[in-house]
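Enquirer: Only the shape, not the letters, is given here:
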């Protein structure tokens, strides 16, 4: 008996969540690092297929299948180079390098991604060679920093990583349901027609409630905030949660932008009912590195 799309989506989601939680809490740090690298290499392959597709021919550029092997190869080289480099560094140098990587990603996510999206909404972004190369470099950096951040946060505490992931999942779910129930004003109609401002405000409300709920457990660990008045600590905490929510929206819109320009609905078909791996982690790639940066600076 063939499953309905909704049943297929739910079944796949339950299996994915179960496998993920088993990996998160029962894999050793080294096995977690390797398993995560494999997942992100598959996502890099999906991104490469999108950027190399013939959908970009609408912009006067031919299909470029070399992206499919260039992105996974580049990600592999970056991971190996970082692993070998940090093996010779002290903890201070390693921390500084991580902070620099995350800070660059945050700059790209808060400046470059919105700039691309705004230009596309105004019909000023063309899918030429330079644009695709820019997408590939930024997308590759997101994948690399996503791997770094999830490795670092897992090493610090699987529960800390899970707390960040729950924030992103909650924001995505709240945006979806709020948009379905109340959505009237499109957020980026050409990039992602289904997203609305009402969905964004729904996500903001959900993230606010979540941040307030976990603050009593997380704030005592934020040593950099201890000298501040309590009310200021809570306001800073809320502000950081809101920044993560905004970054999750930009990550989602960035993948939507690439799919729209490539004329593809999903990044792949590996996950029945969910599309590809990149479809499931797009929001995480901009959010988790920023959360790791915050953790490095506050704790």
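Expert: Everything's here; your move. Nothing here was measured: the structure is a model prediction, and the numbers come from that model.
Enquirer: Quick check: the residue nearest to residue 144 when sequence neighbours are not counted vs residue 42, distance?
Expert: Spatial nearest neighbour of residue 144, excluding adjacent residues (C-beta to C-beta, 6 or more residues apart in numbering): residue 78 at 4.7 Å. Just so you know, the C-beta spots here come from the backbone N, C-alpha and C atoms, and that holds for glycine as well. Distance, residue 78 to residue 42, using C-beta to C-beta, to the nearest Å: 16 Å.
Enquirer: could you pull out the helices for the stretch 101-250 of the chain?
Expert: Secondary structure of the stretch 101-250 of the chain by DSSP state H, counting those that start in this stretch: the helices cover 113-121, 129-156, 158-182, 197-218, 230-262.
Enquirer: With respect to residue 51, which of the ones you listed lies nearest?
Expert: Nearest of these to residue 51, taken as C-beta to C-beta: helix 129-156 at 5.2 Å.
Enquirer: So which elements touch that closest one?
Expert: Counting contacts by 3 or more C-beta pairs under 8 Å, 6 or more residues apart in numbering; DSSP states H and E, helix 129-156 packs against helix 29-51, helix 67-86, helix 91-107, helix 158-182, helix 230-262, helix 277-298.
Enquirer: and the biggest strand by length in the chain, which residues are buried?
Expert: Determined from DSSP state E, the single longest strand within the chain is strand 192-196. Applying a neighbour-count criterion of 16 or more other C-beta atoms under 10 Å, one finds 192, 195-196 buried in strand 192-196.
Enquirer: from the chain's centre, how far out does it sit?
Expert: 18 Å (C-alpha atoms, centre = their mean, to the nearest Å).
Enquirer: List of residues touching that strand?
Expert: 175, 179, 182-188, 249, 252-253, 256-257, 260 (C-beta atoms under 8 Å, 6 or more residues apart in numbering).
Enquirer: Buried ones among those?
Expert: By 16+ other C-beta under 10 Å, the contacts of strand 192-196 give 175, 179, 183, 186-188, 249, 252-253, 256-257, 260 as buried.
Enquirer: Extract the residue ranges of the stretch 1-150 of the chain that are flagged as low pLDDT.
Expert: For the stretch 1-150 of the chain, residues meeting the criterion pLDDT under 70 lie at 1-6.
Enquirer: Alright, that wraps it up for me.
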